[in-house]
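S.K.: Kindly return the folded structure for what I paste below:
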Amino acid sequence: MENKVSSQEFTTDLIVEQRWTDERLDFREKVSSPFLELDSRLTDRIWIPDLYFVNEKQSAFREVSTPNKMLHLYRNGSVVYKARMLVTASCPMDLHNYPMDRQLCSLFIQSFGFSTKSLMFHWSATPLHTRSLIQLSHFTLLTTHQTLCDGLTEDGNFTCLQVDFYLQRHLSFYLLQVYMPSSLVVVMSWLSFWVHPGAVSGRTSLGILTVLTITKQSTMAISSLPKVSYIKAVDVWMAVCLFFVFAAFLQYAVLCVTARAQRHKNDVTSCLVEHPSCLGNHRVEARLGLHNASTLRRQRQDLENDEQITGVSVDQIDRVSRVVFPAVFLLFVLVYFSYFNFDSF
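M.R.: Numbering: from 1, shown residues only. The predicted structure is shown next:
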């Protein structure tokens, strides 16, 4: 069994066994053998139920090295017919919790030409048998369930059987290919908090590199998915990772503005405290943006008030970022995996 998310379909290898009684084939008075093993080519000469798969996309009989069919005829006219076939059927999926989702894929078996007045399908006592060692590349087969799906259609009431496959997606692949790489990119963006603010090229290059990398990872994570109109769990993860990377890049812009404001404050303080004669130096006043002593004193008072209110320096911004960014991201990871846990059917 194989499930394809991009085309929302699944493929399964089936051995379909049918049992019915045809009184015309009763040979109790002619042959002493309890049953006859007939050649599969004789299937064209006896009546066989006309079942088909309603949600089938593609199917084929197995024919290596001969047609995989079995036909047994019993003395009372009972017929046992087995055929091995490969069926690809549609499976509409709900991807809200992708890749931590569970899917329900159903296969519908119905009579094509006989209504319930002429033909009725029933499940046997033990209708489904699956291989104990069955392994799927992206899913785990949790359980199966069978039921009747008889219902009135436009052409009449036709007998119908339904088998449900309950699947749970493997998360290990996505942990290694999506969650861990994107988390490492987010952590790498925090390295800029330890780079000296004067290393402009280093911090900007690191910021741009992490933003482009997380954008590329986001594109690759959803490239194999169908185009759906709702938000998936992986979309939330990649969007938040992009936000953290961009916020780390934006933090350097805030740091540069703060550093420029501090340099201006230091120039004013140095002029007032260490070189009072600069009040009469028109060249210094022009550089500082000052025009008279009252303006200088007013700006000094404003700077002192700002220092008392904020008290924020360039080093403090980096130190706070080193703690706040990892703490908030860790909180997001805990909330994310708690909320987008494997949902029930």
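
S.K.: before we move on, what SS does Phe243 have?
M.R.: helix (DSSP: H, G, I helix; E, B strand; the rest coil).

S.K.: Roughly how far does it sit from Ser189?
M.R.: 11 Å (CB to CB, to the nearest Å). Glycine gets a C-beta too; all of them are placed from N, C-alpha and C.

S.K.: These two: which has the busier surroundings?
M.R.: Using other CB atoms under 10 Å as the criterion, Phe243 and Ser189 rank with Ser189 on top: 25 against 14.

S.K.: which other helices and strands contact the helix or strand containing that one?
M.R.: Take DSSP states H and E as the rule and Ser189 turns out to sit in helix 180-189. Using 3 or more CB pairs under 8 Å, 6 or more residues apart in numbering; DSSP states H and E as the contact criterion, the elements in contact with helix 180-189 are helix 200-222, helix 233-273, helix 314-339.

S.K.: Just grab the bridge partners of Ile109 for me.
M.R.: Phe53, Leu161 (DSSP bridges).

S.K.: hey, C-alpha coordinates of stretch 160-170 in PDB?
M.R.: The C-alpha coordinates for stretch 160-170 follow below in PDB (Å, rounded to 0.1, in the frame of the first residue of the first chain):
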ATOM      1  CA  CYS A 160     -22.000  -1.500  -2.000                       C
ATOM      2  CA  LEU A 161     -19.100  -2.500   0.400                       C
ATOM      3  CA  GLN A 162     -16.700   0.000   2.100                       C
ATOM      4  CA  VAL A 163     -13.300  -0.700   3.600                       C
ATOM      5  CA  ASP A 164     -11.600   2.100   5.600                       C
ATOM      6  CA  PHE A 165      -7.800   2.300   6.100                       C
ATOM      7  CA  TYR A 166      -6.700   4.400   9.100                       C
ATOM      8  CA  LEU A 167      -3.200   5.900   8.500                       C
ATOM      9  CA  GLN A 168      -0.800   7.900  10.600                       C
ATOM     10  CA  ARG A 169       2.000   9.800   9.000                       C
ATOM     11  CA  HIS A 170       5.600   9.100  10.100                       C
END
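
S.K.: What residues sit buried inside that stretch?
M.R.: Cys160, Leu161, Gln162, Val163, Phe165, Tyr166, Leu167, Gln168, Arg169 (16 or more other CB atoms under 10 Å).

S.K.: which residues are in contact with stretch 174-193?
M.R.: For stretch 174-193, contacts defined as CB atoms under 8 Å, 6 or more residues apart in numbering pick out 99, 202-203, 206-207, 210, 213-214, 217-218, 221, 234, 237-238, 241, 244-245, 248-249, 251-252, 318, 321-322, 325-326, 329, 333.

S.K.: Could you rerun that using 7 Å?
M.R.: Stretch 174-193 is contacted from outside by 99, 203, 206-207, 210, 213-214, 217, 221, 234, 237-238, 241, 244-245, 248, 252, 318, 321-322, 325-326, 329, using CB atoms under 7 Å, 6 or more residues apart in numbering.

S.K.: Am I right that Glu37 sits in a helix?
M.R.: No - per three-state DSSP, Glu37 lies outside any helix segment and is strand.
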